[in-house]
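Peer 1: Next input, structure requested:
(one chain, ligands or ions: 3)
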Amino acid sequence: MAAPFPHHLFVTLSIILSVLACSIVMSHAQLSPNFYAKTCPNLQAIVLSAMKQAVTKEPRMGASILRLFFHDCFVNGCDGSILLDDTSTFTGEKSAGPNQNSARGFDVIDSIKSNVEAACNATVSCADILALAARDGVVQLGGPSWTVGLGRRDARTASQSAANNQIPSPFSDLSTLTSRFAAKGLNARDLTALSGAHTIGQAQCQFFRNRVYNETNIDANFATSRKANCPSAGGNANLSPLETLTPARFDNNYYRDLVAKRGLLHSDQVLFNGGTQDGLVRSYSANSVSFFSDFAAAMVKMGNISPLTGTSGEIRKNCRVVN
Ligand code: HEM
Ligand SMILES: *[C@@H]1O[C@H](CO)[C@@H](O)[C@H](O)[C@H]1NC(C)=O
Ligand SMILES: *[C@@H]1O[C@H](CO)[C@@H](O)[C@H](O)[C@H]1NC(C)=O
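Peer 2: Ligands and ions are numbered 1, 2, ... in the order given. From the prediction side, this is the model:
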């Protein structure tokens, strides 16, 4: 029998609905490139000048900072959580599997932060500094530019387990990579474009050993050359460039490598191994303009992953510690 719809239930329901609607709006809160136009007008120039210096000193730093941003955004959103040191109340992301003895560039972010604080204290988040620095590093190495939305705030905590569970592994297959990216609102095209970040930077032997010793979809000369600096046992931390042709330039040669079966990581070569992404890889390998434009668009999308905005989180004074 149809009971009359009780009024209190209706009220409760509308409250739940409006809270829900509000939280949906919050999670899509718009970042704005002009967020600090009045409060920190020199922000972009300060970050750019520090990144120019850092990348001139060590080109790999552009790669390292780009990866930091990826690892920040994939763990509870782009909230600067990766920058937090471990404390007695939480174990942070720096010591998670994908970051420990691997993520680098924290000193560069610290030094940019102190320059920014000197110009406009207690105003700009570490999360926004990282987003700008990642873009500037890519540009320094010859890659595309994009407009960085700003207004992210910094997390007051960090999660080692989220970092372990949400950052994709280099041993993943295409289906796992696709679902890890989908969980962040990024589609397969974004995955393939963003993986082009591996046109710069380096990887440790432990992450490509199995690929060069055991896999068959690999160019034989390439495998031999990589084995020379990656013994079948030991030498775990020995480095190899992720891309063979122009490893310190941000270009589309990563995709030429994939087409030639010279992907260094298993997770690289799965993008060109008879699966759904082959056509796109081939097209990026032939057309750097389309790669650059898709990469830039996907970076903006990645940079929008659930930012803390408004009064959530805080503006950290020191990127390594909660205020
Ligand atoms: C698709 C899933 C991905 C996996 C499984 C993956 C995995 C890895 C691994 C294992 C390394 C080497 C780390 C080391 O040896 O210490 C690495 C390096 C790097 N990754 Fe990825 N990555 C992925 C996607 C991305 C994305 C989306 C970006 C940025 C947009 C990115 C940027 C980089 C960069 C620039 C480096 C070199 C860092 C350096 O030289 O310091 N990666 N990645
Ligand atoms: C910012 O700097 C001003 C002047 O140097 C100082 O008085 C103020 O306490 C600082 N604010 C914060 C939040 O650190
Ligand atoms: C090659 O694969 C076998 C079987 O999975 C494994 O035991 C071995 O450790 C692998 N070799 C290398 C060098 O990774």
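Peer 1: ok, which residues in the stretch 151-300 of the chain are in contact with ligand 1?
Peer 2: Within the stretch 151-300 of the chain, the positions adjacent to ligand 1 are 168-170, 172, 177, 191, 194-195, 197-198, 200-204, 207, 242, 265, 267 by C-beta under 6 Å from any ligand atom. Every residue, glycine included, has its C-beta placed from N, CA and C.
Peer 1: Just the buried ones among the residues you listed, please.
Peer 2: Buried subset of those (neighbour count, 16 or more other C-beta atoms under 10 Å): 168, 170, 172, 177, 191, 194-195, 197-198, 200-204, 207, 242, 265, 267.
Peer 1: In helices, which of the residues you listed appear?
Peer 2: Of the positions in those, 177, 191, 194-195, 207, 267 sit in helices, assigned by DSSP state H.
Peer 1: of these, closest to ligand 3?
Peer 2: Phe207 (11.1 Å; C-beta to the nearest ligand atom).
Peer 1: residue contacts, that closest one?
Peer 2: Shown in contact with Phe207 (C-beta atoms under 8 Å, 6 or more residues apart in numbering): 170, 265.
Peer 1: can you pull the pLDDT of it?
Peer 2: Phe207 carries a pLDDT value of 98.
Peer 1: cool, Gly137 as well?
Peer 2: For Gly137, the model assigns a pLDDT of 98.
Peer 1: That one belongs to a helix?
Peer 2: Yes - judged by DSSP: H, G, I helix; E, B strand; the rest coil, Gly137 forms part of a helix.
Peer 1: Could you double-check that Pro263 sits in contact with Leu271?
Peer 2: No Pro there; residue 263 is Gly. Yes - if you go by C-beta atoms under 8 Å, Gly263 and Leu271 touch, sitting 7.3 Å apart.
Peer 1: So between these two, which is more surrounded?
Peer 2: Gly263 (31 against 25; other C-beta atoms under 10 Å).
Peer 1: Quick check: chain neighbours aside, which residue is closest to the more buried one?
Peer 2: Gln269 (3.4 Å; C-beta to C-beta, 6 or more residues apart in numbering).
Peer 1: Roughly how far does that neighbour sit from ligand 1?
Peer 2: Distance check for Gln269 against ligand 1: by C-beta to the nearest ligand atom, to the nearest Å, it reads 11 Å.
Peer 1: do Ile315 as well
Peer 2: 25 Å.
Peer 1: Show the contacting residues for Ile200.
Peer 2: 59-60, 62-63, 66, 141, 242-243, 247-250.
Peer 1: what's the answer for Pro33, then?
Peer 2: Pro33 makes contact with 147-150, according to C-beta under 8 Å, 6+ apart.
Peer 1: and the spatially most central residue of the chain, backbone torsions?
Peer 2: For the chain, Phe70 is the residue whose C-alpha lies nearest the centre (C-alpha atoms, centre = their mean; 0.8 Å). In terms of degrees, to the nearest 10, the main-chain angles of Phe70 are phi -60, psi -50.
Peer 1: Tell me the confidence at it?
Peer 2: 98.
Peer 1: show me what contacts it?
Peer 2: Applying C-beta under 8 Å, 6+ apart, the residues near Phe70 are 194, 197, 302.
Peer 1: Asp79 too?
Peer 2: Applying C-beta under 8 Å, 6+ apart, we find Asp79 in contact with 72, 127, 152-155, 306-308, 313.
Peer 1: For the nearest residue to it once chain neighbours are set aside, which residues are in contact?
Peer 2: In this structure, Asp79 finds its nearest non-sequential neighbour in Ala155, 3.9 Å apart by C-beta to C-beta, 6+ apart. Neighbouring residues of Ala155 by C-beta under 8 Å, 6+ apart: 76, 79-81, 84, 127, 308, 313.
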